[in-house]
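Asker: Give me a 3D structure for the following:
(one chain, ligands or ions: 2)
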Amino acid sequence: MRTSIATVSLSGSLTEKLTAAARAGFDGVEIFENDLLASPLTPEEIRVRCADLGLSIDLYQPMRDIEAVSAEVFEGNLRRARHKFELMARLGCDTVLVCSSVHPLAEDDDALAADHLRQLAAQAQEFGIRVAYEALAWGRHVSTYDHAWRIVAAADHPALGTCLDSFHILARGSDPKGIEDIPGEKIFFLQLADAPLMAMDVLQWSRHYRCFPGQGGFDVAGLVRHVIDAGYDGPLSLEVFNDVFRQSEAGPTAVDAHRSLLMLQEAAGIAALPERVVPTGVAFAELVTPDAEPVGALLGALGFARTARHRSKPVDLWSQGEARVLVNTGPAARRDGTQLAAIGLESPDPAGAARRAEALLAPVLPRRRAAEDAPLDAVAAPDGTELFFCATDRPELPSWTGDFRPVAHPGAAGHVRRVDHLALTQPWHQFDEAALFHRTVLGLHARDSVDVADPYGLFRSRPVTSEDGGVRIALSVGPAPTDTTTRAQHIALATDDVVAAARAFRAAGGRLLAVPANYYDDLAARFEFVEGELESYRELGILYDRDPDGEFRHCYTETVGRVFFELVQRDGGYKGYGAQNAPVRLAAQHAQRPLR
Ligand SMILES: O=C(O)c1ccc(O)c(O)c1
Ligand SMILES: [Mg+2]
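Answerer: Ligands and ions are numbered 1, 2, ... in the order given. As a prediction, the model looks like this:
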């Protein structure tokens with residue numbers, strides 16, 4: 001279906017918004033009145049600009065407080081409307097949105113509202129314009145879609161229809177099934193927005209917290225299904241009022257927005273995308289670092305061995321069990337400092353995974369980083385992390401391991417089995433985008449987001465995982481974008497015996513994050529431990545959590561650049577990440593590296 005986006009959903013000037021929408025692949029836009037009023041371009045110039053960008057102007061909005069008022073006030077409203085219709089003719093836009101009135105003098109009189117909307121539509125028709133009447137969730141007398149439709153039906157004018165807005169419908173808790181009772185040709189427009197489920201004033205909720213479909217808690221795809229079944233064939237248009245999007249760059253927001261519509265159409269069964277290829281495991285994590293020494297020392301103490309070196313580049317492969325870490329001291333490292341730059345994901349079909357990613361607007365990276373390298377399918381995540389789709393040790397497919405030559409090594413003798421999870425801190429304005437990206441592009445499941453108290457703000461974390469936990473990525477966003485502790489990324493390594501792993505790490509010269517005694521006094525109050533167990537945790541800085549599924553024990557290394565390691569032991573079916581312990585861990589990391 002055609003896709004459209006309201007200019008209010010993007011930041012910047014009108015021309016910046018239009019350019020971003022066109023580049024992201026939208027077919028059209030809804031022009032918000034304020035964006036037009038603030039633009040130095042004349043309506044004719046805006047029309048030309050849109051045409052040049054290949055965008056249709058699908059809707060002009062909003063017109064407010066029109067209906068169910070005194071005859072005298074309505075006279076004035078019609079005059080006001082005429083000016084807007086003239087403007088729309090200059091713009092080349094044929095549909096106007098009229099919101100249900102919030103005016104204190106509006107009367108609770110459906111017959112009067114219908115009469116006024118009929119007169120408005122008759123005037124619009126003279127300009128070749130259609131009026132789409134929308135129920136605002138906080139409308140004074142009309143606040144539900146079915147009520148708005150009853151008034152439109154009663155008015156019975158060919159230039160009058162209804163505009164459905166998923167936010168208003170779902171925020172009111174209306175049953176969207178009833179949409180199928182509206183004739184498709186009377187649904188003049190469909191606006192889509194999701195929102196996190198919150199108990200708050202609906203106007204504030206709508207104006208500040210809307211998000212793109214798939215990023216909140218509403219079943220927007222289910223609603224769209226009903227609208228399609230009603231016979232609607234107009235555009236799918238995003239109308240998202242969101243405080244974060246207002247501040248972030250329009251280009252990436254528009255891409256995020258368009259990705260959400262592609263995903264929505266797949267979910268609603270309207271359009272197909274290349275099939276989902278869900279990764280089955282972590283092939284490697286790649287660190288870039290200007291100085292291989294401290295990272296190497298840390299990996300060595302964790303029991304990793306340097307097992308291979310890239311044939312042509314300054315990249316070492318460190319291995320232990322199924323865990324592999326690449327340490328890259330190439331040019332990017334000198335630029336960016338020590339950080340987690342890439343993730344290799346084991347993929348059943350690397351080329352298929354890349355095709356889906358590309359269809360979902362992920363930037364595709366060159367297949368070979370150098371002429372002699374094995375071809376690898378890779379894309380960039382929103383935060384710039386490179387994701388490689390790998391087929392490790394599958395002779396029928398090219399493997400990244402072919403680019404590495406084994407080096408003599410003493411053999412890894414540690415307690416690490418594999419990568420348990422990767423924790424990636426997102427730029428503050430890309431948290432929702434990152435979750436949607438990992439869900440749609442990688443086919444991972446987004447779990448509930450948790451808020452954790454950091455001593456200097458709030459830290460939010462949301463895991464995205466494969467069904468069996470073979471891939472777990474914890475996406476997070478911290479309070480202060482410039483603060484190194486909350487920008488840290490980490491690699492969590494799975495072990496069957498975290499006490500032994502921690503002891504071995506310390507014996508090899510590694511330093512574990514020290515955890516305050518108060519934490520252990522509290523643990524003793526919350527849980528019963530076998531003799532000596534708590535003492536080991538206290539000595540080593542091991543944190544503990546238990547839930548009905550199982551137990552979790554974990555500890556942390558010091559941080560190099562932006563990166564630290566975690567050793568984790570999961571027992572039973574524990575699926576979490578020790579969120580209970582995160583405030584203590586964050587405070588300890590701040591204490592270790594005071595804010596500058
Ligand atoms: O918040 C508002 O006023 C507003 C305006 C126009 C819309 O289409 C809408 O859904 C909300
Ligand atoms: Mg709306």
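Asker: dump the residue contacts of the closest residue to residue 536 other than its chain neighbours.
Answerer: Of all residues not flanking residue 536 in the chain, residue 499 sits nearest, at 5.2 Å (CB to CB, 6 or more residues apart in numbering). From N, CA and C alone the C-beta is placed, and that goes for glycine too. Residues in contact with residue 499 (CB atoms under 8 Å, 6 or more residues apart in numbering) are 536-537, 540, 542, 553.
Asker: Let me have these in CSV, extended by neighbour count, secondary structure and distance to ligand 2.
Answerer: Shown next, in CSV, are those (neighbours: other CB atoms under 10 Å; DSSP: H, G, I helix; E, B strand; the rest coil; distance: CB to the ion, whole Å):
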residue, neighbour count, secondary structure, distance to ligand 2
536, 15, helix, 58
537, 22, helix, 54
540, 21, helix, 56
542, 25, coil, 52
553, 26, strand, 50
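Asker: Nearest to residue 233 among those residues?
Answerer: residue 553 (56.6 Å; CB to CB).
Asker: which ones are touching the closest one?
Answerer: With CB under 8 Å, 6+ apart, residue 553 has these contacts: 498-499, 537, 542-544, 568-569, 571.
Asker: closest point of the stretch 101-250 of the chain to ligand 1, which residue?
Answerer: Among the residues of the stretch 101-250 of the chain, residue 165 lies nearest to ligand 1; the distance is 4.6 Å by CB to the nearest ligand atom.
Asker: try the stretch 351-500 of the chain
Answerer: Across the stretch 351-500 of the chain, no residue is closer to ligand 1 than residue 432, which sits at 19.4 Å (CB to the nearest ligand atom).
Asker: roughly how far apart are that residue and residue 153?
Answerer: In this view, residue 432 and residue 153 are 37 Å apart by CB to CB, to the nearest Å.
Asker: neighbour count winner among those two?
Answerer: Between residue 432 and residue 153, counting by other CB atoms under 10 Å, residue 432 is the more crowded of the two (27 against 15).
Asker: In contact with the more buried one, which residues are there?
Answerer: For residue 432, the contact set (CB under 8 Å, 6+ apart) comprises 211-212, 215, 244, 256.
Asker: Looking at those residues, which gets the smallest pLDDT?
Answerer: Across these, the smallest pLDDT goes to residue 244, namely 93.
Asker: pretty sure that residue belongs to a helix, no?
Answerer: Yes - according to DSSP: H, G, I helix; E, B strand; the rest coil, residue 244 belongs to a helix.
Asker: May I have the phi/psi pair for the closest residue to it other than its chain neighbours?
Answerer: Nearest residue to residue 244 in three dimensions, chain neighbours excluded: residue 429, at 5.2 Å (CB to CB, 6+ apart). Torsion angles at residue 429 (phi, psi; degrees, to the nearest 10) stand at phi -90, psi 0.
Asker: Let me know whether residue 457 touches residue 478 as I believe.
Answerer: Yes - between residue 457 and residue 478 there is a contact at 6.9 Å, judged by CB atoms under 8 Å.
Asker: neighbour count winner among those two?
Answerer: Between residue 457 and residue 478, residue 478 has the larger neighbour count (other CB under 10 Å), namely 24 against 13.
Asker: in the stretch 351-500 of the chain, which spans are helices?
Answerer: Ranges of helices within the stretch 351-500 of the chain are 431-442, 484-487, 498-507, based on DSSP state H, counting those that start in this stretch.
Asker: And these, which one averages the lowest pLDDT?
Answerer: Lowest mean pLDDT within the helices of the stretch 351-500 of the chain: helix 484-487, at a mean of 66.
Asker: Secondary structure element holding the residue of the chain found nearest ligand 1?
Answerer: Per CB to the nearest ligand atom, residue 62 is where the chain lies closest to ligand 1, at 4.0 Å. Assigning secondary structure by DSSP states H and E places residue 62 in strand 56-63.
Asker: Equivalent analysis for residue 254, please.
Answerer: Per DSSP H and E: helix 250-267 holds residue 254.
Asker: Between helix 431-442 and that helix, find me the angle.
Answerer: 50 degrees (axes from the mean of the first three to the mean of the last three CA atoms, to 10 degrees).
Asker: Determine the set of other helices and strands touching the helix or strand following helix 250-267.
Answerer: Using DSSP H and E, the next helix or strand after helix 250-267 towards the C-terminus is strand 281-288. If you count contacts as 3 or more CB pairs under 8 Å, 6 or more residues apart in numbering; DSSP states H and E, strand 281-288 packs onto strand 323-328, helix 331-336, strand 339-346, strand 386-390, strand 416-425.
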